[in-house]
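Peer 1: With the input below, show me the fold.
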Amino acid sequence: MKVLALGGCGGIGRHAVRAMVKNRWCDHIVIADKNGDHARKFSEEAGEMTSWLSVDVTDARSLTRAMKGTDVVMNTTGPYHRFGKSILNAAIKAGCNYIDVCDDWEPTIKMFELNDAARDAGVTAIVGMGATPGISNMLAVKAMDALDEVTELYTCWDITHAKPEPGMDKPSAATLHGIHQLTGSIRVFYDGEYREEKPLKRMVLDYPGIGSYPLYTIGHPEAITFPRYRKNLRVSLNLFSAPLYIIWGIKIISAMVNIGVMTVNRAASIAESLEPPDKNDSPRRDYETMAQLVKSKKILPPLFALARGMKDDRPAAAACAIMSAPEGGMGGATGVPLAIGARLLSNSYRGRYGVFSPEAVVDPDEFFKALAPLCKPAKTGLEDVLLTTRSWERSADHKTL
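Peer 2: Got it, this is the predicted structure:
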């Protein structure tokens, strides 16, 4: 399998490339970037399975030439509202399978418009296979599968974990994305229909076995993709948690962006200053400590999905959380799942053509089995890397609560 890694020497792409090379998940990977010198240097570091190419994604001829002879296009070139649909369209025309880490709901909708074209071309495209969306979608499928019927789905994450690696440009692309999804209007699925509403709506979730916590709405693809495939859903929302002082800070700077007295870039810079640097022993960085705190019901997991519905004809809830993650901050947590998705895309989904979000085509058990040994701390398998909690069960070790 030959893979074209667009943006393959960036903060996310390099983690995906390293995972592909280390695990020998492809025969060859082309590291492509507009800055050919950066691509060349990283290719020399990554080893003999790689080569490099200078590609301008705004140049259709350059993009088409780069995709020639490629089996899978692995795209980490953002922002996706600018490049997502055009790069996917180029991959479809070239007959290449495609996968990315798009985390904006607006371009996700635009890329779904290419579903028929992808199907007719015999191309499988997966949009949003990173941390969130990506891991979050896989957790959601596991939570939903624990119930007989699901009417509500919440994908949730701790915003203080969404930090870029040290040394990246400031404000980071992740923070700029966050401000974008916390201002203006967002699309949600509520009462069985899509709605446009303001973000930062406070909700209280009762997490099975842990307790009730406040969380807040944020724009994200998970909220709009699950209703495409789960027709009984009445509610689908993406939520985040954070300390109260961060919530208030976000509310203030979001309001200032909304009324036009602050730019998104300035708001992102201020948002990054709200969170003090983590100490080396912080439970936010130490997954082993974090897992113990979760299991002892003292904190929410940093990334989880919670489903509500019916089990054995009774109202019930189930939640699934991840207990470790790849190293490398958000770059590793996003890039490694992308690489796993690319590997599964080449091996598992032939015959399923079109544009999909991860929950439609990726088997969560296969995904988490591949992810577990790549986490830090490393996990031994599915049961070791996940914590499943159910409202109708109790257990001493909190594996099921």
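Peer 1: When you work out contacts or count neighbours from here on, use the C-alpha atoms and nothing else.
Peer 2: Noted.
Peer 1: For stretch 300-314, what is the distance to the chain centroid?
Peer 2: Taking Cα atoms, centre = their mean, to the nearest Å, the mean C-alpha location of stretch 300-314 is offset from the chain mean by 19 Å.
Peer 1: Grab the CA positions of it and hand them over as CSV.
Peer 2: The C-alpha trace of stretch 300-314 is given here as CSV (Å, rounded to 0.1, in the frame of the first residue of the first chain):
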residue,chain,number,x,y,z
LEU,A,300,-14.6,12.7,35.0
PRO,A,301,-12.5,10.9,32.3
PRO,A,302,-10.8,13.3,29.9
LEU,A,303,-12.5,11.8,26.9
PHE,A,304,-15.7,9.7,27.0
ALA,A,305,-19.1,9.1,25.4
LEU,A,306,-22.4,8.6,27.3
ALA,A,307,-25.5,7.0,25.8
ARG,A,308,-29.0,7.0,27.3
GLY,A,309,-31.9,4.8,26.3
MET,A,310,-33.4,1.5,27.3
LYS,A,311,-32.0,-1.8,28.5
ASP,A,312,-34.3,-4.7,29.2
ASP,A,313,-37.3,-2.4,28.9
ARG,A,314,-36.0,0.0,31.5
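Peer 1: got the buried residues for that stretch?
Peer 2: Across stretch 300-314, burial judged by 16 or more other Cα atoms under 10 Å covers 300-311.
Peer 1: And for stretch 254-263?
Peer 2: Neighbour counts over stretch 254-263 (16+ other Cα under 10 Å) mark 254-258 as buried.
Peer 1: low pLDDT regions in the stretch 201-350 of the chain?
Peer 2: Along the stretch 201-350 of the chain, segments meeting pLDDT under 70 span 275-291, 295-297, 347-350.
Peer 1: what helix or strand is residue 246 on?
Peer 2: Assigning secondary structure by DSSP states H and E places residue 246 in helix 244-258.
Peer 1: I'd like to know which elements that helix is packed against.
Peer 2: Here helix 244-258 touches helix 264-274, going by 3 or more Cα pairs under 8 Å, 6 or more residues apart in numbering; DSSP states H and E.
Peer 1: Could you give the separation of the helix it packs on from the chain centroid?
Peer 2: Using Cα atoms, centre = their mean, the offset of helix 264-274 from its chain centre is 22 Å.
Peer 1: Pull the residues that contact that helix.
Peer 2: 170-172, 175-176, 179-180, 246, 249-250, 253-254, 257 (Cα atoms under 8 Å, 6 or more residues apart in numbering).
Peer 1: Take the residues you listed and write them to a markdown table, including distance to residue 103.
Peer 2: Below are the contacts of helix 264-274 laid out as a markdown table (distance: Cα to Cα, whole Å):
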| residue | distance to residue 103 |
| --- | --- |
| 170 | 19 |
| 171 | 17 |
| 172 | 14 |
| 175 | 12 |
| 176 | 12 |
| 179 | 13 |
| 180 | 11 |
| 246 | 22 |
| 249 | 23 |
| 250 | 19 |
| 253 | 21 |
| 254 | 19 |
| 257 | 21 |
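Peer 1: hmm, which of these are the buried ones?
Peer 2: 171-172, 175-176, 179-180, 246, 250, 253-254, 257.
Peer 1: sorry, back to before: the helix holding residue 246 versus helix 264-274: what angle between them?
Peer 2: Orientation note: helix 244-258 sits at an angle of 170 degrees relative to helix 264-274 (axes from the mean of the first three to the mean of the last three Cα atoms, to 10 degrees).
Peer 1: Let me see the residues that make contact with helix 244-258.
Peer 2: Among residues not part of helix 244-258, those counted as contacts by Cα under 8 Å, 6+ apart are 179, 182-184, 200, 262-264, 267, 270-271, 274-275.
Peer 1: Stretch 30-43 now?
Peer 2: So stretch 30-43 is contacted by 2-9, 14, 17, 50-57 (Cα under 8 Å, 6+ apart).
Peer 1: Buried members of those into ChimeraX, please.
Peer 2: Selecting the buried subset of the contacts of stretch 30-43 in ChimeraX, with 16+ other Cα under 10 Å as the burial test, is done by:
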select :2,3,4,5,6,7,8,9,14,17,50,51,52,53,54,55,56,57
